[in-house]
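Engineer: Model the following, please.
(chains A and B)
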Protein chains: 2
Amino acid sequence: MSEVTRTLARYLVGSRFTDIPQAVKHEAARALLNWAGCAIGSSHHETVECALAALADFSGPPQAGLLGRRERMDILHAALLNGISSHVLDFDDTHARAVHPSAPVLPAILALAEWRRFSGEELVHAFVLGVEAECRVGLAVFPEHYERGWHITGTAGVFGAAAAAGKLLNLNEQQMTWALGIAATQSSGLREMFGSMCKSYHPGHAAHDGLTAALLAARNFTSSERGIEAPRGWGHVLSTKFDPTKITAELGQRFELMSNMYKPFACGLVVHATIDACIQLRNEHKLEPDAIASVELVVCPIVMELTAITDPQTGLEGKFSIFHAAAAAIVFGAGGEAQFSDAALRDPRVVALRQRITAVPDPQLRKIAARVNVRMHDGRTLTKHVADALGTLARPMSDADLEAKCRGLTDGIISPSQTDELIRLCWSIAALPDAGAIARAAVPAA
Amino acid sequence: MSEVTRTLARYLVGSRFTDIPQAVKHEAARALLNWAGCAIGSSHHETVECALAALADFSGPPQAGLLGRRERMDILHAALLNGISSHVLDFDDTHARAVHPSAPVLPAILALAEWRRFSGEELVHAFVLGVEAECRVGLAVFPEHYERGWHITGTAGVFGAAAAAGKLLNLNEQQMTWALGIAATQSSGLREMFGSMCKSYHPGHAAHDGLTAALLAARNFTSSERGIEAPRGWGHVLSTKFDPTKITAELGQRFELMSNMYKPFACGLVVHATIDACIQLRNEHKLEPDAIASVELVVCPIVMELTAITDPQTGLEGKFSIFHAAAAAIVFGAGGEAQFSDAALRDPRVVALRQRITAVPDPQLRKIAARVNVRMHDGRTLTKHVADALGTLARPMSDADLEAKCRGLTDGIISPSQTDELIRLCWSIAALPDAGAIARAAVPAA
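Structural biologist: Numbering: from 1, shown residues only, chains lettered A, B, ... in the order given. Here you go, the predicted structure:
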């Protein structure tokens, strides 16, 4: 395989919007909606405030907005800051086997679209191609690269941002080859940083550096033309496994965006099946917490390892308590950020129910499965088995689910009517004459 | 070794200027002079022009200057652009076993000093500590890290910029620990890029990202506290060898800046001993090219592999022609950029002499050694043996040599009287109330 980088570049440059199947375009709209909700919902998180305070003095002209905020910055800083807010709640989308696709890509190209007025069609096209690039590069080294300690959303994400921004900038094949090379030599991000503010910095940094790569290449800034596949290129230096066919096979025939997943609940994936089962039981039986004698959660053993905090004291601890997650799901019928707030942790109904919940491991269950047995004071036992948690590829969130998630995230930051408008714009993105409308819809009223 | 990152941070934070030996301070002034000359000399190079054209639209307020130019940018962009120009001619300083020390560090802290007015003493102190950090981190993984394909000036340089900028920003121990972690997770740069514009982008990117790391840490942006040494930290992820004692042993007792070297000639190291010998012969015997019948160069075999172009057509090819380098050294008595210009390549005296020069390999000679035998038309044979080329640690460039190199580099960009002033400021850097004077002295007249 002698021309991996160039082959990918040639595909990206040659792709036409009409080559993208309708289902992929709709998935792009779903990803956009999910991403916008996440970025708005996290827009005042401590991590974002901290980065903004550190960097505001150095911003250029107000070319692009920060989602969920009134500040505007130059497009590179906007890409960085929106990239951070995309990921800080760990609530953004996930490719089945590689990166969080939207967080490094959409911040880069939405900023560019705001500044240079690109259409919604151009944005969708660039996004689909950026996701293709980052996922394929990631799949070429997965899982060894990740196991070695690289945070693949940062290290592969930078290729996605470069490819997508390069598409909007109308790079030619040579320039796109350079853009991918400049991305390769900026690729960074260590899993060691998980648990610190740096984790969400990674997609922001990838968005910033990928956008920079495309801008440089547009001016004929050169790089190696074999940045990905050379013996000392990205694949071999950052991984012990490198399969270039994962990058070049079936380009334009299958789309990695179709393997994208959205998280319905604001916590780790291993907790999702339990929350899902509890909400289903609640809704089907109109459960009242006071009517419940006890709840037994039957879960994959890994759940007991990761989320066994019985008496969580903070919202963050609540995300690592399967007991709290189940109690909140039954009380509130949801598993969003609000259900993991400090207030929800202290809610007397939640605390009381939590104390009546136990969990047992079952090695037969996968981590996206769970069984919940509710024993009622009236003697009945209600049971729900979830084989594939909501949000997995086998049971994707519906468009309505995604709307509801977005409303939950934007609540209190932009008005409900603004959220309605944002949702409308996302569903009609491919028809918008100016994709920057998405960013403008995400600015809170003064 | 459980606390490598924190131990280094503690040293950086605790160090006082009075702890730095006088010889180290003088070496800092030498490095500053050499760096300023390189950055000014390359300030209008195509690579710099290209990056500036791509990024100028996004610059913030004019907080810091670009050496050798009239443009001013925000400090992050100034660090990036000056970092590129520092290295683009491959004429900047070299640590004996690791990085090019000045290029990632000085652009970051000179920009910061211009913006926030730090004294020359503070700049020198921060610079010495930055070099210490980047060299020690580099030495911990050298040479395996480099052999794997990492451009260590980028990957380790970012630690130097973070440490030095963090010292100026007066970070506390916790913040400095985070700054080093944020640097670790931004570390990047592939040797695959050598030969393209990306090579000099690496120290620029390191200066930019290291400065960003310090600015973020100053606002309490968190990272792993074991970013360098953790099992999934920088050392283990980016190298198969990691020796943390190289980072923590004898902190404050030896200074890596004392192993810094400066290149007298604007070409690869393997050519230096030959140029050196030719200039010595020329000066000692007042050689006139016309009086020379033939010249025999006796060189390390690697010289014949790398620089055997007999009839170079461009300045760049001239750098890979031992014949041209020797001829130009005898004709002009120098080996600067001017001697590798297209004009020098075509100079009739150089062309004529070049055709009378031969080279033979001698496996006994190291690559920093050479023997030159000149046969004169009058029958005499003149010989010069150079065991250690000028610029190596065994035979360092004198202060006067560095001044002459700087004058050669700045010629035609800033005026001779400005260069005089710049040189004076560099020698007196530690006494300057405002280190930004260095940057101001490097601005060409309108």
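Engineer: you'd agree residue A:57 is up against residue B:60?
Structural biologist: Yes. Look at residue A:57 against residue B:60 with CB atoms under 8 Å: they come within range, at 7.1 Å. (C-beta placed from N, C-alpha, C; glycine too.)
Engineer: Skipping adjacent residues, who's closest to residue A:296 in space?
Structural biologist: residue A:373 (4.4 Å; CB to CB, 6 or more residues apart in numbering or on different chains).
Engineer: ok, back up a step: quick one, which of residue A:57 and residue B:60 is more surrounded?
Structural biologist: Between residue A:57 and residue B:60, counted using other CB atoms under 10 Å in any protein chain shown, the more crowded position is residue B:60 (21 against 14).
Engineer: Let me know the pLDDT of that one.
Structural biologist: Note on residue B:60: pLDDT of 98.
Engineer: Now do the closest residue to it other than its chain neighbours against residue B:238, distance only.
Structural biologist: Take residue B:60 and drop its neighbours on the chain: the residue closest to it by CB to CB, 6+ apart is residue B:74, 3.2 Å away. With distances taken as CB to CB, to the nearest Å, residue B:74 is found 29 Å from residue B:238.
Engineer: With residue A:253 instead?
Structural biologist: Separation of residue A:253 from residue B:238 (CB to CB) stands at 36 Å.
Engineer: Now that the residue nearest to residue B:60 has come up, it's in contact with residue A:55, right?
Structural biologist: No. With contact defined as CB under 8 Å, residue B:74 does not reach residue A:55; the gap is 9.7 Å.
Engineer: neighbour count winner among these two?
Structural biologist: Using other CB under 10 Å as the criterion, residue B:74 and residue A:55 rank with residue B:74 on top: 24 against 21.
Engineer: List the buried residues in the host helix or strand of residue A:51.
Structural biologist: Using DSSP states H and E, the element containing residue A:51 is helix A:46-55. Using 16 or more other CB atoms under 10 Å in any protein chain shown as the burial criterion, the residues of helix A:46-55 that qualify are A:47-48, A:50-52, A:54-55.
Engineer: next structured bit after that helix?
Structural biologist: Tracing the chain past helix A:46-55, the next element assigned as helix or strand by DSSP H and E is strand A:64-65.
Engineer: List the neighbouring strands of that next one plus their orientation.
Structural biologist: Applying DSSP bridges to the sheet, strand A:64-65 is found paired with strand A:72-73 (antiparallel).
Engineer: now the strands for the stretch 251-400 of chain A?
Structural biologist: Secondary structure of the stretch 251-400 of chain A (DSSP state E, counting those that start in this stretch): strands located at A:260-261, A:292-299, A:357-361, A:370-376, A:381-386.
Engineer: Columns distance to residue B:144 and mean neighbour count on top of those, output as a markdown table?
Structural biologist: Shown next, in a markdown table, are those (distance: least, CB to CB, whole Å; neighbours: other CB atoms under 10 Å in any protein chain shown):
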| stretch | distance to residue B:144 | mean neighbour count |
| --- | --- | --- |
| strand A:260-261 | 38 | 21 |
| strand A:292-299 | 43 | 20 |
| strand A:357-361 | 42 | 17 |
| strand A:370-376 | 46 | 22 |
| strand A:381-386 | 48 | 16 |
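Engineer: okay if I get those strands as JSON lines plus mean pLDDT?
Structural biologist: Listed next are those as JSON lines, based on pLDDT from 0 to 100:
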{"stretch": "strand A:260-261", "mean pLDDT": "96"}
{"stretch": "strand A:292-299", "mean pLDDT": "98"}
{"stretch": "strand A:357-361", "mean pLDDT": "97"}
{"stretch": "strand A:370-376", "mean pLDDT": "98"}
{"stretch": "strand A:381-386", "mean pLDDT": "97"}
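Engineer: Turn these into CSV, columns for distance to residue B:126.
Structural biologist: What follows is these, written out as CSV (distance: least, CB to CB, whole Å):
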stretch, distance to residue B:126
strand A:260-261, 46
strand A:292-299, 53
strand A:357-361, 54
strand A:370-376, 55
strand A:381-386, 57
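Engineer: buried stuff in the lowest-mean-pLDDT helix or strand in chain A?
Structural biologist: Scoring the helices and strands of chain A by mean pLDDT, DSSP states H and E places helix A:315-318 at the bottom, with a mean of 86. By 16+ other CB under 10 Å, the buried positions in helix A:315-318 come out as A:315, A:317-318.
Engineer: what's that helix packed up against?
Structural biologist: Here helix A:315-318 touches helix A:322-332, helix A:342-346, going by 3 or more CB pairs under 8 Å, 6 or more residues apart in numbering or on different chains; DSSP states H and E.
Engineer: Where among the ones you listed is average confidence lowest?
Structural biologist: With a mean of 94, helix A:342-346 has the lowest mean pLDDT of those.
Engineer: so what pLDDT did the nearest residue to residue A:408 once chain neighbours are set aside get?
Structural biologist: Nearest non-adjacent residue to residue A:408, counting by CB to CB, 6+ apart: residue A:336, 4.3 Å away. Predicted confidence (pLDDT) for residue A:336: 91.
Engineer: residues contacting residue A:336?
Structural biologist: A:265-266, A:405, A:408-409 (CB atoms under 8 Å, 6 or more residues apart in numbering or on different chains).
Engineer: Tell me which two of those residues sit farthest apart.
Structural biologist: Using CB to CB, the two most remote members of these are A:265 and A:409, lying 12.2 Å apart.
Engineer: Flag the shaky bits of chain A, pLDDT-wise.
Structural biologist: A:1 (pLDDT under 70).
Engineer: now the residue nearest the centre of it: how far from residue A:83?
Structural biologist: A centroid search over chain A (CA atoms, centre = their mean) returns residue A:92, at 2.4 Å, as the residue closest to the centre. Residue A:92 sits 10 Å away from residue A:83, going by CB to CB.
Engineer: Need the residues touching each of the two.
Structural biologist: Common contacts of residue A:92 and residue A:83, defined by CB under 8 Å, 6+ apart, comprise residue A:103.
Engineer: Check the gap between the one residue in the stretch 251-400 of chain A that gets nearest to chain B and residue A:409 for me.
Structural biologist: Nearest residue of the stretch 251-400 of chain A to chain B (CB to the nearest CB) works out as residue A:316 at 13.7 Å. Distance from residue A:316 to residue A:409, counting by CB to CB: 17 Å.
Engineer: Please apply the same query to residue A:426.
Structural biologist: Distance, residue A:426 to residue A:409, by CB to CB: 13 Å.
Engineer: correct me, but residue A:162 touches residue A:210?
Structural biologist: Yes. Using CB under 8 Å, residue A:162 makes contact with residue A:210 at a distance of 4.0 Å.
Engineer: Show me which residues of the stretch 201-350 of chain A are close to chain B?
Structural biologist: A:201-202, A:205, A:212, A:215-216, A:218-224, A:226-227, A:230-234, A:236-237 (CB under 8 Å from any CB of the partner chain).
Engineer: among those, which are in helices?
Structural biologist: A:201-202, A:205, A:212, A:215-216, A:218, A:234, A:236-237 (DSSP state H).
Engineer: can I get those residues in a markdown table with neighbour count?
Structural biologist: Supplementary listing: these in a markdown table, determined by neighbours: other CB atoms under 10 Å in any protein chain shown:
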| residue | neighbour count |
| --- | --- |
| A:201 | 31 |
| A:202 | 31 |
| A:205 | 30 |
| A:212 | 31 |
| A:215 | 25 |
| A:216 | 25 |
| A:218 | 20 |
| A:234 | 34 |
| A:236 | 19 |
| A:237 | 20 |
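Engineer: ok, so of those residues, who is nearest residue B:365?
Structural biologist: Once CB to CB is applied, the member of those that ends up nearest residue B:365 is residue A:237, at 33.5 Å.
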